[in-house]
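>>> With the input below, show me the fold.
(one chain, ligands or ions: 1)
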Amino acid sequence: MTNKSKKRLVIIIACITVIVLVAILLVFLLGNKISFVTEDGKSIGNNSTIEVAHGSAELPKISALYNDKTPIDVTTTGEADLNKIGEYRIAYSASYDGNEKTISVNIKVVDKTPPEIKLKGGDELNWTLGKEFVDPGFTAVDNVDGDVSANVKVSGTVDANTEGDYTLTYTVSDSAKNEATVTRTVHVVQKKEVDPGNKVVYLTYDDGPGPYTQKLLDILDKYNVKVTFFVTNGFPNYQNLIAEEARRGHTVAVHSYTHKYEQIYSGVEAFFDDFNKMNDVIKNQTGHAASILRFPGGGSNTISKKYCPGIMTTLTNEVGNRGILYADWNVSSGDAGETTSTQQVVANVISGIQKNNVSTVLQHDIKDFSVNAVEQIIQWGQANGYTFLPLSETSPMHHHAVNN
Ligand SMILES: [Zn+2]
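The predicted structure is shown next:
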């Protein structure tokens with residue numbers, strides 16, 4: 001080998017060595033990399049900002065990949081109060097095969113939830129023609145700002161001197177500019193003031209509709225008697241009879257969705273949640289929300305004391321604030337437990353009616369033997385000069401003494 005070719009070989013070996021070294025360096029610098037991505041697949045790096053909704057349960061989930069394909073564990077350091085608006089620093093670290101990477105991320109806790117507006121008296125309201133309109137009121141609570149009722153703006157007007165439907169719009173924003181809007185429809189209607197005088201009977205039926213309600217409706221039609229149904233969701237398959245009750249001219253009123261004492265009497269909000277749920281069913285069936293209520297167990301019940309002392313005192317006052325009327329009864333048929341005899345129900349109702357000028361009779365249309373008593377009660381009443389009426393917002397409402 002000549003000197004010249006020796007020299008050339010050395011140069012070639014040197015070049016190859018340099019190329020190999022550069023290649024190893026490139027693989028090390030470019031290939032061995034750890035990257036971080038958010039849950040929705042966005043890649044993040046040092047000083048990235050991630051927005052988190054106020055009140056979130058946990059920090060955003062960050063995952064790490066080695067060479068864009070191998071998932072590796074991430075450790076988190078630092079703390080953020082997700083129930084407090086602000087910015088926090090969180091470090092995310094990951095290591096793999098002797099490589100380690102840490103990024104510091106700016107966690108921004110922001111308010112993304114609008115306030116919640118609740119309308120006292122509900123989103124549908126009946127108003128008597130000619131009576132000056134007064135808004136029953138509202139509350140607005142924001143998850144961050146708290147009570148923002150004072151910031152609610154109401155637009156729209158109600159002309160109480162002209163029959164018709166009016167829409168009021170309630171709008172409020174929180175400090176993060178999340179806006180909430182709700183509307184209320186006010187039906188201005190002519191209401192006849194009923195002066196029932198003597199010998200009036202309000203027949204009322206609780207806990208249905210159920211398997212015997214259709215039979216009852218047909219008996220009532222036979223005598224052209226209108227009554228009041230305090231309805232529940234106890235038999236969901238019979239819900240269509242709520243529409244039928246209204247269609248035949250009876251009053252549909254709220255009893256309870258669940259009729260579970262331990263639930264509805266556990267607190268004021270629990271009670272009205274249940275009330276509203278039943279009223280939604282009524283609205284679906286009849287097109288109108290009801291404004292008359294019968295408390296399960298009556299206003300005088302003491303069982304509620306077990307779940308919330310004093311709740312009946314609060315509820316019997318609060319319903320008025322929400323534009324709801326409630327009716328107890330002054331004649332009990334005994335069909336809730338004392339008897340299962342049709343003749344005994346007839347006897348109880350007839351003797352009760354005779355003791356009052358105006359009677360509100362409690363029966364349950366989910367009891368066959370009680371529905372079977374209705375025809376005799378009506379025949380006796382009509383033969384003895386009684387008028388049967390459905391309850392309306394202008395009817396006298398019997399109220400029991402409150403015991404809790
Ligand atoms: Zn009941």
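>>> Within range of the ion, give me the residues from the stretch 201-350 of the chain.
Residues of the stretch 201-350 of the chain lying close to the ion by CB under 5 Å from the ion are 206-207, 296. The way it works is simple: take the backbone N, C-alpha and C, and place the C-beta from them, glycine included.
>>> tally of neighbours for residue 276?
Residue 276: 17 surrounding residues under other CB atoms under 10 Å.
>>> three-state assignment of residue 51?
The three-state assignment at residue 51 reads strand, by DSSP: H, G, I helix; E, B strand; the rest coil.
>>> do you know how far it is from residue 173?
Distance, residue 51 to residue 173, using CB to CB, to the nearest Å: 19 Å.
>>> which of the two has more neighbours?
For residue 51 versus residue 173, neighbours defined as other CB under 10 Å are more numerous around residue 173 (19 against 11).
>>> tell me how far the ends of stretch 315-335 are from each other?
26 Å (CA to CA, to the nearest Å).
>>> Show me what counts as buried in it.
Under the neighbour-count criterion of 16 or more other CB atoms under 10 Å, stretch 315-335 has 315-316, 319, 322-335 buried.
>>> Which of those fall within helices?
Using DSSP state H, 315-316, 319 are the members of the buried residues of stretch 315-335 that sit in helices.
>>> want to try CSV for these, with pLDDT as columns?
As requested, those are exported to CSV (pLDDT from 0 to 100):
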residue, pLDDT
315, 97
316, 96
319, 92
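>>> Sort out which one of the residues you listed lies nearest residue 177 for me.
Set against residue 177, the nearest of those by CB to CB is residue 319 (35.5 Å).
>>> Report the contact partners of that closest one.
By CB atoms under 8 Å, 6 or more residues apart in numbering, the contact list for residue 319 reads 293, 325-326.
>>> ok, and the closest non-adjacent residue to the residue of the stretch 1-150 of the chain found nearest the ion?
At 21.7 Å from the ion, residue 122 is the closest residue in the stretch 1-150 of the chain, using CB to the ion. Closest residue to residue 122 apart from its sequence neighbours, by CB to CB, 6 or more residues apart in numbering: residue 289 at 5.6 Å.
>>> can you confirm residue 35 is in a strand?
Yes. Secondary structure of residue 35 (three-state DSSP): part of a strand.
>>> Settle this for me: it is touching residue 64, isn't it.
Yes. Here residue 35 reaches residue 64: they are 6.9 Å apart, a contact under CB atoms under 8 Å.
>>> related to what we said a few turns ago, my read: the residue nearest to residue 122 touches residue 119, true?
No. Counting by CB under 8 Å, residue 119 is not a contact partner of residue 289; they are 11.3 Å apart.
>>> Against residue 285, how distant is residue 247?
From residue 247 over to residue 285 the distance is 10 Å, taken as CB to CB.
>>> Same question for residue 303.
Residue 303 is 29 Å from residue 285, by CB to CB.
>>> In terms of packing, which of the two has more residues around it?
More neighbours surround residue 285 than the other of residue 303 and residue 285, with 20 against 13 (other CB under 10 Å).
>>> The more buried one: what's it in contact with?
Taking CB under 8 Å, 6+ apart, one finds 239-240, 242-243, 246, 252 in contact with residue 285.
>>> what do you get for residue 326?
When contacts are counted by CB under 8 Å, 6+ apart, residue 326 touches 292-295, 299, 316, 319, 397, 399.
>>> of those, closest to the ion?
Closest to the ion out of the contacts of residue 326 is residue 294 (7.4 Å), distances taken as CB to the ion.
>>> My guess is the closest one contacts residue 204. True?
Yes. In this structure residue 294 lies within contact range of residue 204 using CB under 8 Å: 7.2 Å.
>>> between the two, which one's more packed in?
Ranked by neighbour count (other CB under 10 Å), residue 294 and residue 204 place residue 204 first, with 28 against 25.
>>> Mind checking what secondary structure the more buried one has?
Following three-state DSSP, residue 204 is assigned to strand.
>>> For the residue nearest to it when sequence neighbours are not counted, give the beta-bridge partners.
Leaving out its chain neighbours, the residue that sits closest to residue 204 by CB to CB, 6+ apart is residue 228, at 4.6 Å. Judged by DSSP bridges, the bridge partners of residue 228 are residue 204, residue 251.
>>> what's around residue 228, how many residues?
25.
>>> same question, the one 3 residues further on
The burial metric for residue 231, expressed as a neighbour count using other CB under 10 Å, is 33.
>>> cool, residue 257 as well?
The local packing of residue 257 (other CB under 10 Å) involves 21 other residues.
>>> So it is in contact with residue 231, correct?
No. Checked against CB under 8 Å, the pair residue 257 and residue 231 is beyond contact range at 9.4 Å.
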